[in-house]
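# Predicted model, plus sequence, below.
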Amino acid sequence: MAAIPPSKRGRSPVSCVPNMDGKSLIKVGLGFGSLALLCVACNKGDAPAAAGSATASAAAAPVVDPSEVSVGKQIIASTAANSFTEGKVVSLEGTKVTYEYGEPDKTTNKRPSYSVDKAKAFVVGIAPKTAPKAGDFIVAKSASGTWGGCEVKSADGGVLGCEDWYGKVNNVDPKTIVAPDAATAADIKDSLAKATKHRKFDEAAKAAGKPVQPAGWKPKAKDAVVVAFAGSSWYGGTVEKIDGEKVTIKWDSTVWKDPADKMVNELAPLPKAAATVKDGQFIIVQPKFAGSAWEYRKVVTATKDTAEVVDKDDTKSTVNLKEVIAVAP
(Lines give C-alpha, C1' and ligand atoms only; values in the text may rest on other atoms or scores of the structure.)
Protein backbone atom coordinates (compact mmCIF):
# COMPACT_ATOMS: atom_id res chain seq x y z
CA MET A 1 0.00 0.00 0.00
CA ALA A 2 1.36 3.41 -0.85
CA ALA A 3 2.32 5.65 2.06
CA ILE A 4 0.13 8.70 2.71
CA PRO A 5 2.13 11.90 2.33
CA PRO A 6 2.50 13.97 5.55
CA SER A 7 0.71 16.87 3.95
CA LYS A 8 -2.42 14.71 3.49
CA ARG A 9 -2.56 13.15 6.92
CA GLY A 10 -5.04 14.36 9.60
CA ARG A 11 -3.33 16.27 12.36
CA SER A 12 -4.01 16.03 16.07
CA PRO A 13 -3.22 18.87 18.47
CA VAL A 14 -0.28 16.84 19.70
CA SER A 15 1.13 15.86 16.33
CA CYS A 16 1.19 19.46 15.18
CA VAL A 17 3.59 20.48 17.93
CA PRO A 18 7.15 20.02 16.59
CA ASN A 19 10.28 18.83 18.37
CA MET A 20 8.66 17.56 21.63
CA ASP A 21 9.78 14.54 23.56
CA GLY A 22 7.33 12.20 25.34
CA LYS A 23 7.20 14.12 28.63
CA SER A 24 6.48 17.38 26.85
CA LEU A 25 3.71 15.75 24.86
CA ILE A 26 2.05 14.48 28.04
CA LYS A 27 2.09 18.02 29.52
CA VAL A 28 0.51 19.46 26.40
CA GLY A 29 -2.17 16.77 26.45
CA LEU A 30 -3.03 17.57 30.06
CA GLY A 31 -3.24 21.26 29.21
CA PHE A 32 -5.68 20.65 26.40
CA GLY A 33 -7.78 18.45 28.69
CA SER A 34 -8.11 21.25 31.23
CA LEU A 35 -9.08 23.66 28.47
CA ALA A 36 -11.79 21.28 27.26
CA LEU A 37 -13.25 20.93 30.76
CA LEU A 38 -13.33 24.71 31.15
CA CYS A 39 -15.21 25.08 27.86
CA VAL A 40 -17.79 22.50 28.93
CA ALA A 41 -18.36 24.40 32.18
CA CYS A 42 -18.87 27.63 30.24
CA ASN A 43 -21.37 25.99 27.90
CA LYS A 44 -23.39 24.67 30.84
CA GLY A 45 -23.74 28.20 32.26
CA ASP A 46 -22.08 27.29 35.54
CA ALA A 47 -19.96 30.43 35.53
CA PRO A 48 -21.29 33.44 37.54
CA ALA A 49 -23.56 35.77 35.53
CA ALA A 50 -22.12 39.15 34.75
CA ALA A 51 -23.43 42.05 36.79
CA GLY A 52 -26.48 43.66 35.15
CA SER A 53 -27.19 40.64 32.99
CA ALA A 54 -30.72 39.34 32.27
CA THR A 55 -30.10 36.42 34.64
CA ALA A 56 -29.21 38.74 37.52
CA SER A 57 -32.31 40.91 36.87
CA ALA A 58 -34.61 37.89 36.79
CA ALA A 59 -33.29 36.76 40.15
CA ALA A 60 -34.12 40.09 41.84
CA ALA A 61 -37.02 39.91 44.35
CA PRO A 62 -40.26 41.58 43.11
CA VAL A 63 -41.25 44.85 44.80
CA VAL A 64 -44.42 44.41 46.90
CA ASP A 65 -46.76 47.39 47.40
CA PRO A 66 -47.61 47.44 51.15
CA SER A 67 -50.94 49.08 50.37
CA GLU A 68 -52.03 46.14 48.20
CA VAL A 69 -55.02 44.29 49.67
CA SER A 70 -54.22 40.64 50.39
CA VAL A 71 -55.36 37.79 52.62
CA GLY A 72 -54.49 38.34 56.27
CA LYS A 73 -54.24 42.14 56.08
CA GLN A 74 -56.24 44.49 58.27
CA ILE A 75 -58.45 46.80 56.24
CA ILE A 76 -61.28 49.25 56.45
CA ALA A 77 -64.10 48.70 53.98
CA SER A 78 -66.38 51.39 52.61
CA THR A 79 -69.89 49.91 52.87
CA ALA A 80 -71.87 53.11 52.19
CA ALA A 81 -71.25 56.84 51.86
CA ASN A 82 -69.04 57.76 54.83
CA SER A 83 -69.58 54.38 56.51
CA PHE A 84 -66.54 52.22 57.25
CA THR A 85 -65.93 48.88 58.94
CA GLU A 86 -62.59 47.52 60.09
CA GLY A 87 -61.80 43.86 59.54
CA LYS A 88 -59.33 41.20 58.42
CA VAL A 89 -59.22 39.88 54.85
CA VAL A 90 -59.98 36.15 54.69
CA SER A 91 -60.32 35.64 50.93
CA LEU A 92 -59.88 37.27 47.53
CA GLU A 93 -61.83 36.20 44.45
CA GLY A 94 -61.10 38.46 41.51
CA THR A 95 -62.14 41.93 42.69
CA LYS A 96 -64.26 40.53 45.55
CA VAL A 97 -62.74 41.02 49.02
CA THR A 98 -64.24 39.09 51.93
CA TYR A 99 -63.31 40.14 55.44
CA GLU A 100 -64.24 39.26 59.01
CA TYR A 101 -65.18 41.96 61.50
CA GLY A 102 -66.61 42.53 64.96
CA GLU A 103 -66.62 40.15 67.91
CA PRO A 104 -66.73 36.34 67.59
CA ASP A 105 -70.05 34.60 68.09
CA LYS A 106 -70.23 33.11 71.58
CA THR A 107 -71.49 29.77 70.26
CA THR A 108 -69.44 29.26 67.07
CA ASN A 109 -66.48 31.50 67.99
CA LYS A 110 -66.65 32.81 64.44
CA ARG A 111 -66.72 36.47 63.44
CA PRO A 112 -69.29 37.76 60.95
CA SER A 113 -68.04 38.36 57.42
CA TYR A 114 -68.90 40.71 54.58
CA SER A 115 -67.70 41.27 51.01
CA VAL A 116 -66.92 44.45 49.09
CA ASP A 117 -65.29 45.35 45.82
CA LYS A 118 -61.52 45.63 46.08
CA ALA A 119 -61.73 49.31 45.15
CA LYS A 120 -63.63 49.90 48.42
CA ALA A 121 -61.07 48.16 50.68
CA PHE A 122 -58.09 50.04 52.14
CA VAL A 123 -55.16 48.62 54.10
CA VAL A 124 -54.71 50.29 57.50
CA GLY A 125 -51.41 51.25 59.10
CA ILE A 126 -49.91 52.46 55.82
CA ALA A 127 -48.73 56.06 55.60
CA PRO A 128 -50.36 57.90 52.67
CA LYS A 129 -48.09 58.34 49.66
CA THR A 130 -48.82 62.08 49.83
CA ALA A 131 -49.15 63.86 53.18
CA PRO A 132 -52.73 65.12 53.72
CA LYS A 133 -53.28 68.86 53.49
CA ALA A 134 -56.09 71.24 54.40
CA GLY A 135 -59.13 70.56 52.25
CA ASP A 136 -58.44 66.84 51.78
CA PHE A 137 -61.08 64.25 52.70
CA ILE A 138 -59.69 61.26 54.56
CA VAL A 139 -60.80 58.45 56.89
CA ALA A 140 -59.62 58.68 60.50
CA LYS A 141 -59.86 56.44 63.53
CA SER A 142 -61.55 58.04 66.53
CA ALA A 143 -60.73 57.53 70.19
CA SER A 144 -63.61 55.04 70.42
CA GLY A 145 -61.99 52.87 67.75
CA THR A 146 -64.50 53.61 64.99
CA TRP A 147 -63.56 54.96 61.56
CA GLY A 148 -65.22 57.93 59.90
CA GLY A 149 -64.67 60.33 57.05
CA CYS A 150 -63.53 63.84 57.87
CA GLU A 151 -62.18 66.99 56.22
CA VAL A 152 -58.64 68.09 57.02
CA LYS A 153 -58.77 71.62 58.38
CA SER A 154 -55.13 71.91 59.47
CA ALA A 155 -51.94 69.90 59.05
CA ASP A 156 -49.35 71.38 61.38
CA GLY A 157 -46.69 69.80 63.55
CA GLY A 158 -47.45 66.24 62.55
CA VAL A 159 -51.02 66.42 63.90
CA LEU A 160 -54.07 66.75 61.69
CA GLY A 161 -57.11 68.82 62.62
CA CYS A 162 -60.03 66.96 61.04
CA GLU A 163 -63.72 68.02 61.06
CA ASP A 164 -66.11 65.09 61.51
CA TRP A 165 -69.80 64.41 60.76
CA TYR A 166 -70.86 66.41 63.82
CA GLY A 167 -68.87 69.50 62.84
CA LYS A 168 -66.25 68.91 65.54
CA VAL A 169 -62.58 69.34 64.72
CA ASN A 170 -60.53 66.54 66.30
CA ASN A 171 -56.78 66.12 66.57
CA VAL A 172 -55.86 63.03 64.54
CA ASP A 173 -52.63 61.02 64.51
CA PRO A 174 -51.47 60.71 60.87
CA LYS A 175 -50.61 57.06 61.65
CA THR A 176 -54.29 56.27 62.19
CA ILE A 177 -55.69 57.58 58.92
CA VAL A 178 -56.42 56.22 55.47
CA ALA A 179 -56.27 58.29 52.30
CA PRO A 180 -59.12 56.81 50.18
CA ASP A 181 -59.50 56.83 46.42
CA ALA A 182 -61.05 59.82 44.65
CA ALA A 183 -64.55 58.30 44.47
CA THR A 184 -64.66 57.50 48.20
CA ALA A 185 -63.25 60.93 49.05
CA ALA A 186 -66.04 62.51 46.98
CA ASP A 187 -68.63 60.44 48.91
CA ILE A 188 -67.15 61.69 52.19
CA LYS A 189 -67.27 65.28 50.95
CA ASP A 190 -70.95 64.96 49.95
CA SER A 191 -71.96 63.31 53.24
CA LEU A 192 -70.19 65.96 55.34
CA ALA A 193 -71.87 68.73 53.32
CA LYS A 194 -75.22 67.04 53.93
CA ALA A 195 -74.51 66.74 57.66
CA THR A 196 -73.59 70.44 57.83
CA LYS A 197 -76.85 71.34 56.09
CA HIS A 198 -78.85 69.21 58.54
CA ARG A 199 -77.15 70.81 61.55
CA LYS A 200 -77.90 74.31 60.30
CA PHE A 201 -81.56 73.40 59.73
CA ASP A 202 -81.84 71.87 63.23
CA GLU A 203 -80.09 74.84 64.84
CA ALA A 204 -82.44 77.29 63.10
CA ALA A 205 -85.48 75.23 64.15
CA LYS A 206 -84.30 75.13 67.75
CA ALA A 207 -83.64 78.88 67.75
CA ALA A 208 -87.17 79.49 66.38
CA GLY A 209 -88.72 78.53 69.71
CA LYS A 210 -90.99 75.67 70.75
CA PRO A 211 -94.45 74.28 69.88
CA VAL A 212 -97.11 76.86 70.62
CA GLN A 213 -99.57 76.44 73.51
CA PRO A 214 -102.99 77.98 72.82
CA ALA A 215 -103.70 81.03 74.97
CA GLY A 216 -104.89 80.01 78.43
CA TRP A 217 -104.35 76.29 77.82
CA LYS A 218 -103.99 74.05 80.88
CA PRO A 219 -103.36 70.31 80.58
CA LYS A 220 -105.95 67.83 81.80
CA ALA A 221 -105.68 64.12 82.55
CA LYS A 222 -105.78 61.98 79.37
CA ASP A 223 -104.88 64.94 77.14
CA ALA A 224 -102.76 63.97 74.12
CA VAL A 225 -99.69 66.20 74.05
CA VAL A 226 -96.22 66.64 72.60
CA VAL A 227 -93.45 66.67 75.18
CA ALA A 228 -89.96 68.16 75.12
CA PHE A 229 -87.19 65.58 75.19
CA ALA A 230 -83.43 66.15 74.95
CA GLY A 231 -83.63 69.84 74.13
CA SER A 232 -85.24 70.38 70.74
CA SER A 233 -86.85 66.95 70.25
CA TRP A 234 -90.58 66.51 70.80
CA TYR A 235 -92.37 63.20 71.37
CA GLY A 236 -96.01 62.27 71.79
CA GLY A 237 -97.50 61.32 75.15
CA THR A 238 -100.59 61.32 77.34
CA VAL A 239 -101.16 63.24 80.56
CA GLU A 240 -101.57 60.80 83.47
CA LYS A 241 -101.81 63.21 86.41
CA ILE A 242 -101.19 66.84 87.31
CA ASP A 243 -99.64 68.28 90.44
CA GLY A 244 -99.56 72.05 90.12
CA GLU A 245 -97.07 72.83 87.37
CA LYS A 246 -95.73 69.27 87.36
CA VAL A 247 -97.33 66.85 84.89
CA THR A 248 -96.78 63.09 84.74
CA ILE A 249 -96.55 61.84 81.17
CA LYS A 250 -96.99 58.38 79.71
CA TRP A 251 -94.94 58.20 76.52
CA ASP A 252 -96.35 57.02 73.19
CA SER A 253 -92.95 55.50 72.51
CA THR A 254 -92.44 51.87 73.51
CA VAL A 255 -88.79 52.67 74.19
CA TRP A 256 -89.52 54.52 77.43
CA LYS A 257 -91.92 52.43 79.48
CA ASP A 258 -91.65 54.46 82.69
CA PRO A 259 -93.73 57.68 83.06
CA ALA A 260 -91.84 60.97 83.16
CA ASP A 261 -92.47 64.11 85.19
CA LYS A 262 -92.47 67.29 83.12
CA MET A 263 -93.35 70.95 83.67
CA VAL A 264 -96.36 72.53 81.95
CA ASN A 265 -94.12 74.76 79.83
CA GLU A 266 -92.54 71.60 78.34
CA LEU A 267 -95.84 70.50 76.78
CA ALA A 268 -98.16 71.49 73.95
CA PRO A 269 -101.54 69.98 73.04
CA LEU A 270 -102.14 68.12 69.81
CA PRO A 271 -103.87 70.38 67.28
CA LYS A 272 -107.66 70.72 67.21
CA ALA A 273 -107.80 73.47 64.58
CA ALA A 274 -105.69 74.70 61.68
CA ALA A 275 -102.43 76.26 62.83
CA THR A 276 -101.83 79.87 61.93
CA VAL A 277 -98.43 80.10 60.24
CA LYS A 278 -96.51 82.42 57.96
CA ASP A 279 -93.88 81.94 55.27
CA GLY A 280 -90.47 81.01 56.71
CA GLN A 281 -91.90 79.78 60.02
CA PHE A 282 -91.00 76.39 61.49
CA ILE A 283 -93.60 73.80 62.42
CA ILE A 284 -93.55 70.22 63.71
CA VAL A 285 -95.45 67.42 61.96
CA GLN A 286 -96.47 63.98 63.13
CA PRO A 287 -93.82 61.30 62.60
CA LYS A 288 -94.13 58.59 59.99
CA PHE A 289 -93.73 55.92 62.65
CA ALA A 290 -95.63 55.90 65.93
CA GLY A 291 -93.49 56.71 68.92
CA SER A 292 -90.85 58.57 66.89
CA ALA A 293 -90.00 62.23 67.30
CA TRP A 294 -92.22 64.82 65.64
CA GLU A 295 -90.38 66.24 62.64
CA TYR A 296 -89.47 69.85 61.88
CA ARG A 297 -90.49 71.48 58.63
CA LYS A 298 -90.05 75.03 57.34
CA VAL A 299 -93.00 76.78 55.69
CA VAL A 300 -92.41 77.97 52.13
CA THR A 301 -95.92 79.23 51.38
CA ALA A 302 -99.10 78.90 53.44
CA THR A 303 -102.79 79.07 52.63
CA LYS A 304 -105.79 78.82 54.97
CA ASP A 305 -105.70 75.05 55.46
CA THR A 306 -102.46 73.82 53.88
CA ALA A 307 -98.85 74.81 53.52
CA GLU A 308 -95.96 73.87 51.24
CA VAL A 309 -93.00 73.01 53.43
CA VAL A 310 -89.39 71.76 53.14
CA ASP A 311 -87.40 69.41 55.34
CA LYS A 312 -83.70 69.50 56.18
CA ASP A 313 -82.87 68.07 52.74
CA ASP A 314 -84.95 70.78 50.98
CA THR A 315 -87.48 68.13 49.96
CA LYS A 316 -90.86 69.78 49.41
CA SER A 317 -94.23 68.46 50.57
CA THR A 318 -97.72 69.75 51.41
CA VAL A 319 -99.14 69.49 54.92
CA ASN A 320 -102.59 69.89 56.40
CA LEU A 321 -102.40 72.73 58.91
CA LYS A 322 -104.93 70.94 61.13
CA GLU A 323 -102.29 68.23 61.73
CA VAL A 324 -99.27 70.35 62.60
CA ILE A 325 -98.12 72.51 65.50
CA ALA A 326 -96.58 75.92 64.90
CA VAL A 327 -93.21 76.75 66.47
CA ALA A 328 -92.70 80.24 67.89
CA PRO A 329 -90.58 82.01 70.56
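Looks like it came in fine. Numbers count the residues shown, from 1 in each chain.
# Any idea how far apart the tips of stretch 73-87 sit?
Length of stretch 73-87, first residue to last, CA to CA, to the nearest Å: 8 Å.
# Centre of the chain to it, how far?
Centre-to-centre, stretch 73-87 and its host chain are 5 Å apart (CA atoms, centre = their mean, to the nearest Å).
# what does that stretch contact?
69, 88-89, 97, 99-102, 111, 113-114, 116, 120-125, 139, 147-149, 165, 178, 180, 184, 187-188, 190-192 (CB atoms under 8 Å, 6 or more residues apart in numbering). Backbone N, C-alpha and C define where each C-beta goes, glycine included.
# who's in contact with Lys250?
By CB under 8 Å, 6+ apart, Lys250 lies in contact with 237-238, 240, 259.
# Could you do Ala260 as well?
227, 237, 248-249, 251.
# now the residues you listed in a markdown table, with neighbour count, distance to Asn320 and pLDDT?
Formatted as a markdown table, the contacts of Ala260 follow (neighbours: other CB atoms under 10 Å; distance: CB to CB, whole Å; pLDDT from 0 to 100):
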| residue | neighbour count | distance to Asn320 | pLDDT |
| --- | --- | --- | --- |
| Val227 | 22 | 22 | 96 |
| Gly237 | 24 | 22 | 96 |
| Thr248 | 16 | 31 | 98 |
| Ile249 | 24 | 26 | 97 |
| Trp251 | 18 | 25 | 95 |
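# tell me the secondary structure for Ser154?
strand (DSSP: H, G, I helix; E, B strand; the rest coil).
# which residue sits closest to it in space, ignoring its chain neighbours?
Leaving aside its sequence neighbours, Ser154 sits nearest to Gly161 (CB to CB, 6 or more residues apart in numbering; 3.8 Å).
# Quick one: residues in contact with the helix or strand that neighbour falls within.
Element membership of Gly161, judged by DSSP states H and E, is strand 159-163. Defining contact as CB under 8 Å, 6+ apart, one finds that strand 159-163 is touched by 132, 138, 140, 150-155, 169-174, 177, 192.
# partner strands of it, parallel or antiparallel?
Strand 159-163 has these partner strands in its sheet, going by DSSP bridges: strand 147-156 (antiparallel), strand 169-172 (antiparallel).
# so which of those strands gets nearest Thr306?
Among these, strand 147-156 comes nearest to Thr306, with 39.5 Å by CB to CB.
# thinking again about what came up before, save the contacts of Ala260 as a markdown table, and put in distance to Pro62 and secondary structure too.
Below are the contacts of Ala260 laid out as a markdown table (distance: CB to CB, whole Å; DSSP: H, G, I helix; E, B strand; the rest coil):
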| residue | distance to Pro62 | secondary structure |
| --- | --- | --- |
| Val227 | 67 | strand |
| Gly237 | 68 | strand |
| Thr248 | 74 | strand |
| Ile249 | 69 | strand |
| Trp251 | 64 | strand |
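# quick one on the thing from earlier: just the buried positions in the strand holding Gly161, please.
Across strand 159-163, burial judged by 16 or more other CB atoms under 10 Å covers 160-163.
# From the chain's centroid, how far away is that strand?
17 Å.
# pLDDT (mean, whole number) over it?
Strand 159-163 shows an average pLDDT of 94 in the prediction.
# same check, this time on stretch 319-328
Here the average pLDDT along stretch 319-328 is 97.
# For it, give me every contacting residue.
When contacts are defined by CB under 8 Å, 6+ apart, stretch 319-328 is touched by residues 205, 208-212, 226, 268, 270-271, 273-277, 281-286, 294, 296-297, 302, 304-307, 309.
# Give me the distance between the two termini of it.
With CA to CA as the measure, the ends of stretch 319-328 fall 18 Å from one another.
# Buried residues of that stretch, list them for me.
Buried residues in stretch 319-328 (16+ other CB under 10 Å): 319, 321, 324-327.
# Among these, which lie within helices?
Using DSSP state H, no member of those falls within helices.
# Just the ones in strands from these, please.
Within the buried residues of stretch 319-328, residues falling in strands by DSSP state E are 319, 324-327.
# Let me know the closest of these to Gly231.
Distance from Gly231 was checked for each of those by CB to CB. The minimum falls on Val327, at 13.6 Å.
# For the residue lying closest to the closest one once chain neighbours are set aside, name its beta-bridge partners.
In space, and not counting its chain neighbours, Val327 is closest to Phe282: 4.2 Å by CB to CB, 6+ apart. Applying DSSP bridges to Phe282 gives these bridge partners: Lys298.
# ok, which stretches of the stretch 1-150 of the chain are strands?
74-80, 83-93, 96-101, 113-117, 121-123, 137-141, 147-156 (DSSP state E, counting those that start in this stretch).
# Give me whichever of those is most buried.
Of the strands of the stretch 1-150 of the chain, the one with the most neighbours on average (mean count of other CB atoms under 10 Å) is strand 137-141, at a mean of 22.
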